[in-house]
Every structure is written in C-alpha cells, then in structure tokens.
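> generate coordinates for the sequence data below:
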Amino acid sequence: MKKADLLGLFWITIVIPYIMPAETDSILTKIRTLADSLKTLYCPDSRTAVWTIEPEFVDNQYLLRGETDNSTARQKFYESVQQNYPQLQFKKEIKLLPDDVMGSRIFAIPQNSVEVLYRNPLVSAEMVTQTLRGLPLQILKWENGFYLVRTDDGYLGWVSEDGVTVGDRTFQDQWENSPQVVYIDIEGIVYSRPSLRSSSASDVVMGNRFKLLQGRRKWTKVGFADGRGGFLLTKSLQGLQEYQARSLNAEAVRATAISLIGRPYMWGAASPKAMDCSGFTQVVFRHNGYLLPRDANMQVQEGIPIDTTDFPHDLQSGDLIFFSLDPDRITHVGIYLGKEQFIHCSGRVRIDSFNPTAANYNDYRCKTMRAVRRIIK
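A predicted model of the protein is given here:
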C-alpha cells in the first residue's frame, strides 16, 4: 500500500470518532440555544423582526443557515459560535435581509387605498395588518409573487407584488422628496377629470398620500406612485408637512374617533373602511400626528401609566384603556371620552359606558379593564 493511502486511513481514524452523531447533535443543540438567546436579545418579536436560524451538519461540515434583518445579531451569533467552538470550522450562510437577497429593489409604495398584508405569501393566508396608499414599505425579500415588507409602524407582513410599486433608493428619494398631499376626509373618490360627474380613477381613504401635480382653488391634480393620476377636491386635502405637524390634542382625537362610529370590525384591518380594536386606535392617533404601534399589547407600552385605583375618575379624554380576561395578556383597547364613556371597535366602532346606570353600560369591559396609558401630555 502506498504511503499516501496509509496517511488517508490515518486521518479517517482520527476524524470520524471526533464527529460522532451524539456529539454532533450536542453541538447543534448548543448552537440553537445560542441562537435563541440572541433572538431574545435582538429580535424578540416576530411581528417586527426576522430571526430564523437553523444550524445543520451536512457532508461532514457545520452550516450556519437562516436569515435575519438584524446585522448586529448575525455578527454576534457568528462570534458566539466561534468562541464556544474555536476548534471547529463553520460555513456562514445566514442571509441578511434585504441586503443579501433583494439587490437594489428595497422600497415600495402601496397602489391601492388600502393594502392587505398577510402572515404568509399566500392570498389565502391570514391578514395580519393593512397599510395605506402612499405610505412607505421596506422590502425584505420576495417569494411566490409576494414581498415580505416592513410598514412605517415597524410591522412585518407579506404583500402581493401586484399591489405595490417597487423601486430602488432613487425611486424612494423621488417619492419622499416630491411635494405631497394627504386625503383628510374619511373616504371618497379620485376622479378621472375635475368634475363630480367624471368616472372614478380610484377610491381614496383618510391618510392616503399622493404627489401634488397641480393645485387649484376647487380641484387638485394628484399623482400615484405607479404613474396614474386623478383629481380630488382641494378642501379634502392637506399638505404632507402640515399634516405631519399636527399637534396631538384630546379634542381632535375625540372628534376623529367619533367620526368613525358605525365602521365595521375586521380582524387585522387598520383603515377607515374597517378595523380591529388596535387598528381603530392607530387610525385615530395617526390622523392626529402620533403613530401608535400596531397591536394592543404593543400600544400598552406607549405613553405613561395612569393609576386606576379610583377608576375611571383619574382618566382624561384621549387616554387609552386596555382590557383582557387574562391580566397578563392585553387583548383589547379603546379610547376614553370622558364622563365614564369610552369608544372602541368591537363588532363596530361604538361608544360604551363604565357607569352601571347608563343604557350603554358594558359590564364585560368594566370587569376586564387592565390598564390605562396617557399619550396626550
């Protein structure tokens, strides 16, 4: 037998015992534990962050695979693994979103007045939230005709590629730096010509943003991100900078909330057309210059806590009230209106009372009230 063959056999005898299956499983388990600890630290909420790491052992090699949108977490993970196993070599294949997968196409604008975001890249998947025409979306990746995007409130979801206009940073800069107007009525029509008798170019809802193409006394010509155009009544529009500079106050919040009375409840919805409970509060506060997080158990972290010992007497109009059967898990939210009344979306947007003598007294909500947060200072 040749000397080279003998050396080959020698290396086989010392390598194979070192990577016995039991030890390999132990190493993979330890690496998964490291991944979980970093997820807790850097990407704890899958609604707002991506962290799907799965180490593997393939063809006598350890592979660190998966994806994340947090570059710091990825680097810390690589460093932690190498520090724990300095004698081993790892192939690093964790993709950073969107950098490693999307190239320059990282920005999108919804084309429709209300755009649905799904839990998975399927039209049959659960709706997790909605966004509005003209609001920015960060694209993280593409799959099966859908983009995984991050909304302006930080929420993640899958949107159909047919529902958005996509571009690079140049497109993003052009959109963000163009003069824009915001629709401030609850809903209406974008007309094809400056006439109420003309055909519809699109529907429109409160909060939709458009390029300002030409402003006149009665009619304003607006542009969509996808190149379409139309006309809106000037009285229904406000300049974007002025809209974003709105001062948050209780009277305006109350007026906006009441204007939505009767609008239907829809799980995952967050627009003036239909909404769930936290979608309702987000729509109301967004329209008044404050962007709340998407879900009730996120919104309960906003503002300052209010003592509820003498509930509801220490509350002020505009305070957020949170409810749940489980004291450790917030599931519902409403807005206090004063005089022991609150407005919320449950079945529909409606006003209920904490006063047992009132005709609209809500015993269930009264018994399940858990917290109050004050957003309006």
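
> excluding chain neighbours, what is closest to the most centrally placed residue in the chain?
Centroid check for the chain by C-alpha atoms, centre = their mean gives Y155 as the closest residue, at 1.6 Å. Sequence neighbours aside, R294 is the residue nearest to Y155 in space, at 4.5 Å (criterion: C-beta to C-beta, 6 or more residues apart in numbering). In short, each C-beta sits where N, CA and C put it, glycine included.

> isn't that neighbour up against G157?
No - with contacts counted by C-beta atoms under 8 Å, R294 stays clear of G157, the gap being 9.7 Å.

> okay, and the common contacts of these two?
Listed as contacting both R294 and G157 by C-beta atoms under 8 Å, 6 or more residues apart in numbering are T129, T151.

> just the strands in the stretch 151-300 of the chain please.
156-160, 164-167, 180-183, 187-191, 200-205, 209-215, 219-223, 229-233, 237-239 (DSSP state E, counting those that start in this stretch).

> including distance to P121, could those strands go into JSON lines?
Formatted as JSON lines, the strands of the stretch 151-300 of the chain follow (distance: least, C-beta to C-beta, whole Å):
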{"stretch": "strand 156-160", "distance to P121": "5"}
{"stretch": "strand 164-167", "distance to P121": "13"}
{"stretch": "strand 180-183", "distance to P121": "30"}
{"stretch": "strand 187-191", "distance to P121": "29"}
{"stretch": "strand 200-205", "distance to P121": "25"}
{"stretch": "strand 209-215", "distance to P121": "26"}
{"stretch": "strand 219-223", "distance to P121": "29"}
{"stretch": "strand 229-233", "distance to P121": "31"}
{"stretch": "strand 237-239", "distance to P121": "35"}
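
> could you check how far the closest residue in space to S199 that isn't next to it in sequence is from A270?
Excluding the flanking residues, the one nearest S199 by C-beta to C-beta, 6+ apart is S192, at 4.8 Å. S192 sits 28 Å away from A270, going by C-beta to C-beta, to the nearest Å.

> please apply the same query to G223.
G223 is 25 Å from A270, where distance means C-beta to C-beta.

> quickly find the element holding the closest residue to R150 other than its chain neighbours.
Nearest non-adjacent residue to R150, counting by C-beta to C-beta, 6+ apart: Q138, 4.3 Å away. Assigned by DSSP states H and E, Q138 belongs to strand 137-143.

> so which elements touch that strand?
Strand 137-143 sits against helix 99-102, strand 107-110, strand 146-150, strand 156-160, with contacts defined as 3 or more C-beta pairs under 8 Å, 6 or more residues apart in numbering; DSSP states H and E.

> cutoff 10 Å now
Using 3 or more C-beta pairs under 10 Å, 6 or more residues apart in numbering; DSSP states H and E as the contact test, the elements touching strand 137-143 are strand 61-68, helix 99-102, strand 107-110, strand 146-150, strand 156-160, strand 164-167.

> possible to save the ones you listed as TSV with mean neighbour count and mean pLDDT?
Output for the helices and strands packed on strand 137-143, formatted as TSV (neighbours: other C-beta atoms under 10 Å; pLDDT from 0 to 100):
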stretch	mean neighbour count	mean pLDDT
strand 61-68	18	96
helix 99-102	15	97
strand 107-110	25	98
strand 146-150	24	98
strand 156-160	23	98
strand 164-167	20	98
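
> could I get those in JSON lines, plus columns for distance to V123?
Output for these, formatted as JSON lines (distance: least, C-beta to C-beta, whole Å):
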{"stretch": "strand 61-68", "distance to V123": "23"}
{"stretch": "helix 99-102", "distance to V123": "22"}
{"stretch": "strand 107-110", "distance to V123": "16"}
{"stretch": "strand 146-150", "distance to V123": "9"}
{"stretch": "strand 156-160", "distance to V123": "7"}
{"stretch": "strand 164-167", "distance to V123": "14"}
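
> OK, contacts around the residue nearest to the centre of the chain?
With contacts defined as C-beta atoms under 10 Å, 6 or more residues apart in numbering, Y155 is in contact with 45, 47-48, 117, 128-131, 149, 270, 293-295, 298.

> look up phi and psi at it.
Dihedral pair for Y155: phi -80, psi 150, per degrees, to the nearest 10.

> just checking, A245 touches G289?
Yes - here A245 reaches G289: they are 7.2 Å apart, a contact under C-beta atoms under 10 Å.

> distance check, the residue nearest to E161 when sequence neighbours are not counted against G163.
Distances taken as C-beta to C-beta, 6+ apart put G145 closest to E161, at 5.4 Å, once the chain neighbours are dropped. Noted for G145: a distance of 11 Å to G163, by C-beta to C-beta.

> give the other helices and strands that the lengthiest helix in the chain contacts.
Ranked by residue count under DSSP state H, the longest helix found in the chain is helix 21-42. Under the contact criterion of 3+ C-beta pairs under 10 Å, 6+ apart, helix 21-42 touches strand 51-58, strand 61-68, helix 71-84.

> need the contact partners of that helix.
17-20, 45-46, 49, 51-57, 60, 62, 64, 66, 68, 70-74, 76-77, 80-81, 83-85, 88, 90, 94.

> check which residues of stretch 205-225 are buried.
205-212, 219-225 (16 or more other C-beta atoms under 10 Å).
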